[in-house]
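# The following comprises the amino acid sequence and a computationally predicted model.
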Amino acid sequence: MLVFVDESGDPGITKIGSGASGHFMIGAAVFRSPEAAMACSEAIDACRGPLGLKPYREFHFSKNPKGIRLGFLNAVAHQDFDFYAFAVNKSKVFPDCGFQYKDSLYKATCRMLFEDLTPLLSEATVVLDSCGGRDFQRQLKKYLRERINKKDKVIKKINTTKSHSDNLIQLADMLCGSVSRSLNPDRKDRQLYVQVVEKRIKMLRVWPK
């Protein structure tokens, strides 16, 4: 089992509405087999040419225009994976709860997502986007192992990789961006992207309600 994880928005709870996002989301694209993961990666490679992109050009939701986003999502919509997302509604988080620190909010959101995923996972290899410095990456790996692998070995291995070199981290990014967009009532296209991949989206939990 392979799990590719990325985020959307920023984990700061100050300056919401003045440049900071209203939600911070972490999402996971879950593959039941290496073969399914490889097939999806190959589909992503194959869609670059028809979209007018050079080989290995990175897909990034916030940096890609509408046509690229839709072309990518249509290319992966029938692949064999499931997507799960956990979003923090930052406007409802109390400033003094400890989440005023970005690293704390990031780690807690990751933990809450994996707590929801625990019944579905078994000895999973988790691949994280290599955000932050090495110290933060080490802390995040240790934090997840300690919090999630309490009884059973839900997570077997945690790796980090650069998004530009991994199609499936880019998949997690594009799906996070699509789902996050659906939470923004000010966006006219808020449902445009999630409609393409709605069969792949198995969970979206927003906290606090």
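Everything's here; your move.
# Helices of this protein, residue ranges please.
Listed in chain order, the helices found in the chain under DSSP state H are 34-48, 66-76, 102-117, 134-148, 167-182, 192-196.
# how about low-confidence regions in the protein?
14-21, 94-101 (pLDDT under 70).
# just so I know, which of the helices of the chain lies nearest residue 202?
helix 102-117 (10.0 Å; Cβ to Cβ). Placement of C-beta: from N, CA and C, glycine included.
# Specify the angle between the closest one and helix 134-148 in degrees.
30 degrees (axes from the mean of the first three to the mean of the last three Cα atoms, to 10 degrees).
# Any buried residues in helix 102-117, and which?
102, 105-114, 117 (16 or more other Cβ atoms under 10 Å).
# The nearest residue to residue 111 once chain neighbours are set aside: neighbouring residues, count only.
In space, and not counting its chain neighbours, residue 111 is closest to residue 147: 5.0 Å by Cβ to Cβ, 6 or more residues apart in numbering. Residue 147: 16 surrounding residues under other Cβ atoms under 10 Å.
# who's in contact with residue 147?
Shown in contact with residue 147 (Cβ atoms under 8 Å, 6 or more residues apart in numbering): 111, 114-115.
# wait, what's in contact with the spatially closest residue to residue 69 that is not a sequence neighbour?
Residue nearest to residue 69 in three dimensions, not counting chain neighbours: residue 193, with 6.0 Å by Cβ to Cβ, 6+ apart. Applying Cβ under 8 Å, 6+ apart, we find residue 193 in contact with 69-70, 73, 177-178, 181-182.
# go again using 7 Å as the cut-off
69, 73, 178, 181 (Cβ atoms under 7 Å, 6 or more residues apart in numbering).
# Relative to residue 8, how far out is it?
12 Å (Cβ to Cβ, to the nearest Å).
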